[in-house]
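Student: Predicted model and sequence below, questions to follow.
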Amino acid sequence: MTSAMHSVSCTAVVIHDGKVLAIRRADDGRWVPPGGVMELEETPGECVEREVREETGLKVRPVRLTGIYKNIPLSVVSLAFLCELESGELTTASEETAEARWLNLDEAEAMMPEARWIRVADAVQENAVPFVRVHDGSALLPG
C-alpha cells in the first residue's frame with residue numbers, strides 16, 4: 001500500500017497601517033498573500049520570512065499562527081501566520097511575483113479568491129484560535 005504525501009506551505013498575512021500585503025502571482029494572475037512551500041531544513045517561521053523577502057523585498061516577523069488550510073485537489077497544507085512589517089521597500093523581487101502592493105481589506109476581499117481571502121479575514125480576528133479550513137484552490141469546502 002502506498003501512502004499519499006502532502007506538500008506544506010506557509011502564508012504570510014502582513015497588516016500595516018490598516019492594509020494587507022498582497023502579490024499578483026505571475027503564473028495565474030491571482031492576488032494572494034505572499035507565501036510558498038516550506039523547505040526541508042527550515043521552520044515555518046523561517047519559511048514565512050523567506051517567502052515574503054523573496055516575493056516582496058520586505059522583512060517581516062511572524063506573530064502568531066492564525067489558520068491551517070488544506071487544498072484538497074493539490075494535497076497542499078498551508079500554515080497561515082499574522083506577521084508584522086519590520087523593514088524594507090516593497091518590490092517585485094521574484095519571478096513568481098508579477099506585482100506587489102498594499103490593499104485595504106475591502107480591495108483584498110474583492111480581488112482575492114475566497115480560499116486566499118479567508119486567510120486574511122481569519123488573521124485579523126483578534127485573539128482567535130487558529131482556524132482549520134479546506135478548499136478546492138478557489139472556494140471553501142464544507143468540513
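Tutor: Done, it's in. Numbers count the residues shown, from 1 in each chain.
Student: Now do the strands in the chain.
Tutor: 7-16, 19-25, 31-32, 35-37, 58-71, 76-88, 97-104, 131-135, 140-141 (DSSP state E).
Student: Just put those strands in CSV and tack on distance to residue 123, mean pLDDT and mean neighbour count.
Tutor: C-beta coordinates here come from the backbone N, C-alpha and C atoms, glycine included. Formatted as CSV, the strands of the chain follow (distance: least, Cβ to Cβ, whole Å; pLDDT from 0 to 100; neighbours: other Cβ atoms under 10 Å):
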stretch, distance to residue 123, mean pLDDT, mean neighbour count
strand 7-16, 4, 97, 21
strand 19-25, 8, 97, 21
strand 31-32, 13, 98, 21
strand 35-37, 12, 96, 18
strand 58-71, 4, 97, 19
strand 76-88, 4, 97, 19
strand 97-104, 14, 96, 16
strand 131-135, 9, 94, 17
strand 140-141, 15, 94, 14
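Student: so which of the ones you listed comes closest to residue 113?
Tutor: strand 31-32 (7.4 Å; Cβ to Cβ).
Student: need the contact list for residue 51.
Tutor: Residue 51 makes contacts with 10, 12, 34, 35, 36, as judged by Cβ atoms under 8 Å, 6 or more residues apart in numbering.
Student: My error: substitute residue 44 in the last question.
Tutor: 10, 38, 62, 65, 79, 81.
Student: Could you point out which of those residues is nearest to residue 87?
Tutor: Using Cβ to Cβ, those come closest to residue 87 at residue 62, 15.0 Å.
Student: For residue 96, see how far away that closest one is.
Tutor: Remark: distance between residue 62 and residue 96 (Cβ to Cβ, to the nearest Å) = 20 Å.
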